[in-house]
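Sharing a sequence plus its predicted fold:
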Amino acid sequence: MKKFKVTEIRNDFPILNKYINGSRIVYLDNAATTQRPHSVINSVKEFSEETNSNIHRGVHTLSYEATKLYEDAHKKVSKFIGADSWQEIIFTRNATEAINLVAYGWGLHNLKSGDEILLTITEHHSNIVPWQMLRDIKGIKLKFLDVDDEGNLRLEQLDDLLTSRTRLVCVNHISNVLGTVNQVETIIKSAREKGALVLIDGSQSVPHYPVDVKKIDCDFLAASGHKMLGPFGIGFLYGKREILENMEPFNYGGDMIETVTKEKSTWNELPWKFEAGTPNVSGGIGLGAAVDYLNKIGMKEITAYEDELTRYASEKLYELPFIKVYGKGAGQKIGVFSFNFEGIHPHDVAWILDENGIAVRSGHHCAQPLMNRLGIKNAVRASFYLYNTKEEIDKLAETLGKVKKVFKR
């Protein structure tokens, strides 16, 4: 295995040289958004300076070059997650839009009253609210798989929750609150026995682990570019080709059509059938550059290094007696740690950490059903990525001690 050179990697990220209140930034908000290396920043800049043009609509050189770069980005993402074809990759604004595409393009046309969708209590709001919309429109039923007190999905409930009426199972690959790596292969196997499709929210897994959609055999997978070193405003949906071919479009308009007459329209081939209008070309190219960067380092190497960070952070944070860390007993997990001080609001904790140059997230993390299950309303969340270090974890633990002193807890 290649030696992981985190110092050299950090040099690729210009924002890590920023100082906050006189301290070099310690960026621990990666579950929300990751930072971008020079190569991603430059790819977007170079497109704007050298190739800026609309795709698919011109025979001139700039349009041809832009089209090739944009289509190549689809191919990079396809290979990155092990899809059969780049035409199974639909670029969206983010994972939220990708999930909504399934809800509108598949769910609205295939579900009927009495059908069931199984979710988990750990889902991000983006993987709950669209299905609530369908419930209200179509009269379907939503069920939720619970977690135990340690943050592990209660897979023993699957036998009761999955029925002949289950049409779709939606599950996050990794919890954005607990960092728990869910056993999606087991869930998919159980769903198959009932003839249900499976949508995986890969927002927290694709950036951190080698993900192979054929190996896990999911029908859909959604992810966001800004959580994997890419720009904002770009994400993707993977879908099995035979399913996508039979789905209806989500957006309607230019470029997603094959023919248009006054009477009717026919749809373009995949993936353009689902990419209506002028797309985020520069964002797609930036996402392709992010995939290039991750491949250059190696996903197995990234996973191994992050596992080391996670173990180290566990040792440091779990031994602090004045905070409660949620999901401590989870099985496999990534470097996402949510915790609270008794009697101190998470926003106050985050503010003091920021005063010391440490960026974390505080709030409900778009996972209010899970917060309710844990008996809390909010939490502080520190989350790590490939450019973080053990020294930064030490500073986090040390500064949490300062929080305790400030509030005399």
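Yep, that arrived. Residues are numbered from 1 along each chain as shown.

Which strand residues bridge Val181?
Ile174 (DSSP bridges).

who touches it in this structure?
173-174, 205, 209, 331-334 (Cβ atoms under 8 Å, 6 or more residues apart in numbering). Yep, even glycine has a C-beta here, placed from its N, CA and C like the rest.

Grab the nearest non-local neighbour of the residue nearest the centre of the chain.
In the chain, the residue lying closest to the centroid (Cα atoms, centre = their mean) is Ser203, at 1.2 Å. Leaving aside its sequence neighbours, Ser203 sits nearest to Ala95 (Cβ to Cβ, 6 or more residues apart in numbering; 4.7 Å).

Within its local environment, how many residues does that neighbour see?
27 (other Cβ atoms under 10 Å).

do the one 3 residues further on as well
As a burial measure, the neighbour count of Ala98 was computed by other Cβ under 10 Å and equals 30.

Name the spans of the stretch 301-409 of the chain whose pLDDT lies under the cut-off.
For the stretch 301-409 of the chain, the stretches flagged by pLDDT under 70 are 409.

Do a quick rundown of the helices in it.
For the stretch 301-409 of the chain, applying DSSP state H, counting those that start in this stretch gives helices covering 346-355, 368-374, 390-406.

which parts of the first one are buried?
Read it as helix 346-355. Buried residues in helix 346-355, counted by 16 or more other Cβ atoms under 10 Å: 346, 349-350, 352-354.

Report the separation between Phe232 and Asn378.
Between Phe232 and Asn378 the computed distance is 24 Å (Cβ to Cβ, to the nearest Å).

So if I had to pick from these two, which one is more boxed in?
Asn378 (18 against 15).

ok, now which ones touch that one?
Counting by Cβ under 8 Å, 6+ apart, Asn378 has contacts 340, 345-347, 362-364, 371.

Could you give me the ChimeraX syntax to select whichever of the residues you listed are buried?
Burial among those is assessed by 16+ other Cβ under 10 Å; the matching ChimeraX selection reads:
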select :340,346,362,363,364,371
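
can I get the contacts of Asn378 in TSV with distance to Lys227?
Putting these into TSV (distance: Cβ to Cβ, whole Å) gives the following:
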residue	distance to Lys227
Asn340	24
His345	26
Pro346	21
His347	23
Ser362	18
Gly363	17
His364	18
Met371	21
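
Please identify which of the contacts of Asn378 is nearest to Pro130.
His364 (18.4 Å; Cβ to Cβ).

what residues are up against that closest one?
371, 377-379.

any low-confidence regions in the chain?
Within the chain, the stretches with pLDDT under 70 are 1-2, 409.

So what touches stretch 341-350?
In contact with stretch 341-350 (Cβ under 8 Å, 6+ apart) are residues 322-324, 340, 360-363, 378-380, 400, 403-404, 407, 409.

Which one of those residues sits in the busiest neighbourhood?
Val380 (27 neighbours).

Show the contacting residues for that one.
The contact partners of Val380, taken as Cβ under 8 Å, 6+ apart, are 338-340, 346, 349-350, 353, 360-362.

change it to 10 Å
When contacts are counted by Cβ atoms under 10 Å, 6 or more residues apart in numbering, Val380 touches 28, 323, 325, 337-341, 344-350, 353, 360-363, 365, 400, 403.

separation between it and Met228?
In terms of Cβ to Cβ, Val380 sits 23 Å off from Met228.

Name the SS class of the residue nearest to the centre of the chain, please.
Here Ser203 is coil, with the state taken from DSSP: H, G, I helix; E, B strand; the rest coil.

So it versus Ala367, what's the distance?
12 Å.

Between those two, which contacts overlap?
In terms of Cβ under 10 Å, 6+ apart, Ser203 and Ala367 are both contacted by the residues 124, 127, 172, 176.

What is the neighbour count of the third one?
Just to be clear, that refers to Asn172. 29.

Verify the contact between it and Thr122 for me.
Yes - shown here, Asn172 and Thr122 form a contact pair, counting by Cβ atoms under 10 Å, at 6.2 Å.

Now do the shared contacts for these two.
153, 180, 182, 201, 367.

which stretches of the stretch 151-300 of the chain form helices?
158-161, 184-193, 213-216, 241-246, 281-297, 299-318.

The longest one to helix 281-297, inter-axis angle?
Read that as helix 299-318. Relative orientation of helix 299-318 and helix 281-297, computed by axes from the mean of the first three to the mean of the last three Cα atoms, to 10 degrees: 90 degrees.
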